[in-house]
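Student: structure of the sequence below:
(2 chains)
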There are 2 protein chains.
Amino acid sequence: MRATVFHGTGDVRVETVPDAGLRLPTDAVVRVVRAAVCGSDLWFYRGVAGWEPGWRLGHEFLGVVEEAGSEVRRVRKGDLVIAPFSFSDGSCEFCAQGLQTACVHGGFWGGAENDGGQAEAVRVPLADGTLVKLPEEIRGDRELLAKVLPLTDVLPTGHYAAVCARVGPGSTVAVIGDGAVGLCAVAAARRLGAERIISVGHHEGRLAIARRFGATDVVDSHGPDVAATILELTGGGAQVLEAVGTGASFELALQIARPGSTVGFVGVPFEASIPAMALFARSVRLAGGPAPARAFIPELLADVLAGAIDPSPVLDLHVALDGVPEAYRAMDERRAIKALVAVSD
Amino acid sequence: MRATVFHGTGDVRVETVPDAGLRLPTDAVVRVVRAAVCGSDLWFYRGVAGWEPGWRLGHEFLGVVEEAGSEVRRVRKGDLVIAPFSFSDGSCEFCAQGLQTACVHGGFWGGAENDGGQAEAVRVPLADGTLVKLPEEIRGDRELLAKVLPLTDVLPTGHYAAVCARVGPGSTVAVIGDGAVGLCAVAAARRLGAERIISVGHHEGRLAIARRFGATDVVDSHGPDVAATILELTGGGAQVLEAVGTGASFELALQIARPGSTVGFVGVPFEASIPAMALFARSVRLAGGPAPARAFIPELLADVLAGAIDPSPVLDLHVALDGVPEAYRAMDERRAIKALVAVSD
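Tutor: Have a look, this model is predicted:
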């Protein structure tokens, strides 16, 4: 089959690799229909994360079950299914708490050991705990497929930031970052009832999407006195959703968080360190990590299908599987927010 | 009057200063009966915090109201009262939430602007929002005064760590630090129903108090494989109360926190920085800061008076006001956990 493989900084290729196949009776094999490239994929693309040549790529996909192991009960051959960006057993202490990203038997797609989603097919470990069956109406509907695809990662990740920050009706929220996750965090905050949502970014096109998703204000992150502007707008601080993951974005988050509030942080912080005194002095809390997308897919899917929320504008570049390397380049150069990969129909 | 004044690293002196007096109609003047020296006082004593010569010292005291301003309603001359380690208006957004340490009009004792508690008397701003009246039975009872004095800071601070970490019935808890706050955190966790409490420290005498306060296990913080030992004891991590505030203690906290749990941190982290990836990767949360002691004094006082909790063993050195410099030395050299200062009766 064809799959995307990491070769080094700035070098990803679509190549022929051995076909995905069952290894354990709890596995399924999914033929990929749609995949995506994630902002967090840029970490290894840019050489920051320590990935090795030969590792498989892609952690966002939906597709059709091609084969299910003998112990798989909840999905069967032919089902249209979506996978969250991590797999999980669905039964351990952490899965029971809805924190599937801490599953004791779980893991992440791609790398040395697992298939990646930017490919024709994926072996899915722990299929019962991992996959969510999609309704038949989505099959073959290109528009609906694009609306549902962000449920693999960026929409539940934005939602998790909002949940961690305890956003609710009437909240005043600041979202740091205008990437796909930041934009989805705006939509999620709006969905949870936030009254005022300040999107902090610096790309006009992205901030336009933020407004469309529910931002009431936008603040230029490259402008002067960003923190002072937001403190002024909010009368002393907001509930902050951190969707970047750099030292600078954490610093801003701690400056603009309302005392006693919790910063929801979901940007992968490869290199950030947090001055503890800044947290301590303002009684600001931190909650975040890899979103347990599996826990949130059902409720978010229902709202996507009902038309209450549409994250598909973040997928502003559509490519075929062979176009994945160009999709990485476009995202790296910030010509695209996020790429949808149409692998099959 | 006599008061303790900072002169420089390792140099605190009890000197004659202008008498404490009312400045605003919301002030009271309290004649100090008991004060204490705090582990956090060692930060400036050791030259870490940027204190200036001439600043007043001490943020833990109880005493008798000597004079109350014309707008003070809740305490009157002659009342025995206790002060939390910060003053607060009792009416702002944050006080209403029980986060008096973020009060918009509040502040901390001592420094350039305010009287300190290691003195004969203190001007108390915002007396109605700050002071808590103590029952008459305490007056003149040296033993009870020692039991109640830790309510100014270390007991509510230990309690806040446990509240931040959501300790409750059946919890498995690890307390990092065997200072007065760490020991009080053990007692607070026990009071909240924790089933297993691991005290992490390295002073035998202190760890003995930890056991007396409810620790079921003690782990030598200078021993080999501290994190591995605790992960083994707890089957994968505990609810962590961080009562030290150094980079090393945060590192340990993040290693031994159970995924999805919240580290309650109350050690003043003057120099610590937290690797965000360590939080992110294990979905560990952080909540802490200066404890809103004012919010917790009533419930903790009731339990101290009922004999359900007795924090007085942490006050293992008793001095008169003139003995304050020796108390700092003893604490700095770890000859004493914490000093009680008997100022008057």
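Student: from here on, just use CA atoms for contacts and neighbour counts.
Tutor: Will do.
Student: so which bits of chain A are right by chain B?
Tutor: Residues of chain A lying close to chain B by Cα under 8 Å from any Cα of the partner chain are A:94, A:99, A:102, A:259-260, A:266, A:268-277, A:279-290.
Student: just the buried ones from the residues you listed, in ChimeraX syntax?
Tutor: In ChimeraX syntax, the buried subset of those is picked out as below (16 or more other Cα atoms under 10 Å in any protein chain shown):
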select /A:94,99,102,259,260,266,268,269,270,272,273,274,275,276,277,279,280,281,282,283,284,285,286,287,288,289,290
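Student: so which of the residues of chain A next to chain B belong to strands?
Tutor: Of the residues of chain A next to chain B, the ones assigned to strands by DSSP state E are A:273, A:274, A:275, A:285, A:286, A:287, A:288.
Student: tell me who's in contact with the residue lying closest to the second one once chain neighbours are set aside.
Tutor: Spelled out, it's residue A:274. What sits nearest to residue A:274 in space, not counting adjacent residues and going by Cα to Cα, 6 or more residues apart in numbering or on different chains, is residue B:274, at 4.9 Å. Shown in contact with residue B:274 (Cα atoms under 8 Å, 6 or more residues apart in numbering or on different chains): A:273, A:274, A:275, A:276, B:247, B:250, B:251.
Student: who touches the strand ranked longest in chain A?
Tutor: Ranked by number of residues, the top strand in chain A under DSSP E is strand A:28-37. Residues outside strand A:28-37 that contact it (Cα under 8 Å, 6+ apart): A:20-22, A:58-69, A:72, A:117-127, A:145, A:149, A:324, A:327-328, A:338-345.
Student: switch to 7 Å and redo it
Tutor: Contact with strand A:28-37 is made by A:20-22, A:58, A:60-69, A:117-125, A:127, A:338-345, as judged by Cα atoms under 7 Å, 6 or more residues apart in numbering or on different chains.
Student: what's the average pLDDT for that strand?
Tutor: The average pLDDT for strand A:28-37 rounds to 98.
Student: can you give me the strands for the stretch 101-250 of chain A?
Tutor: Applying DSSP state E, counting those that start in this stretch to the stretch 101-250 of chain A gives strands spanning A:107-108, A:121-124, A:132-133, A:172-176, A:196-201, A:217-220, A:239-242.
Student: so what's the closest residue to chain B within the stretch 51-200 of chain A up against?
Tutor: The minimum distance from the stretch 51-200 of chain A to chain B, using Cα to the nearest Cα, falls at residue A:102 (6.5 Å). Listed by Cα under 7 Å, 6+ apart, the contact set of residue A:102 reads A:94, B:259, B:282.
Student: the second one contacts residue B:281, correct?
Tutor: So that's residue B:259. No. Between residue B:259 and residue B:281 there is no contact under Cα atoms under 7 Å: 8.9 Å.
Student: would you map the helices across the stretch 151-300 of chain A?
Tutor: A:154-164, A:180-191, A:204-213, A:226-234, A:247-256, A:276-281, A:293-305 (DSSP state H, counting those that start in this stretch).
Student: for the first one, packing partners?
Tutor: Right, helix A:154-164. helix A:180-191, strand A:262-265, strand A:285-288, helix A:293-305 (3 or more Cα pairs under 7 Å, 6 or more residues apart in numbering or on different chains; DSSP states H and E).
Student: what's the closest of those to residue A:231?
Tutor: Smallest distance to residue A:231 across those (Cα to Cα): 15.0 Å, for strand A:262-265.
Student: from the chain's centroid, how far away is the closest one?
Tutor: Put simply, strand A:262-265 sits 16 Å off its chain's centre (Cα atoms, centre = their mean, to the nearest Å).
Student: try stretch A:63-77
Tutor: For stretch A:63-77, the distance to the chain centre is 25 Å (Cα atoms, centre = their mean).
Student: where does the stretch 201-345 of chain A have low pLDDT?
Tutor: Residues of the stretch 201-345 of chain A meeting the criterion pLDDT under 70: none.
Student: can I see the domain layout of chain A?
Tutor: A:2-153+A:311-342, A:155-288 (automatic domain parsing).
Student: pick the most buried one from the ones you listed.
Tutor: Each of the domains of chain A was scored by mean neighbour count; the highest is domain A:155-288, a mean of 23, by mean count of other Cα atoms under 10 Å in any protein chain shown.
Student: just the endpoints, please. Distance across that one?
Tutor: Taking Cα to Cα, to the nearest Å, domain A:155-288 runs 15 Å from one end to the other.
Student: show the pLDDT at the nearest residue to residue A:118 once chain neighbours are set aside.
Tutor: Excluding its sequence neighbours, the residue lying closest to residue A:118 (Cα to Cα, 6+ apart) is residue A:58, at 4.6 Å. For residue A:58, the pLDDT comes out at 98.
Student: my guess is residue A:58 contacts residue A:120, does it?
Tutor: No. Judged on Cα under 7 Å, residue A:58 makes no contact with residue A:120 at a distance of 11.2 Å.
Student: which residues touch residue A:116?
Tutor: A:56, A:57, A:58, A:59, A:109, A:110, A:122.
Student: can we see that at 10 Å?
Tutor: A:3-5, A:35, A:55-61, A:108-110, A:122-124 (Cα atoms under 10 Å, 6 or more residues apart in numbering or on different chains).
Student: where's it relative to residue A:164, distance?
Tutor: 28 Å.
Student: same list (the helices and strands packed on helix A:154-164) but as TSV, adding distance to residue A:42.
Tutor: Shown next, in TSV, are these (distance: least, Cα to Cα, whole Å):
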stretch	distance to residue A:42
helix A:180-191	13
strand A:262-265	18
strand A:285-288	20
helix A:293-305	20
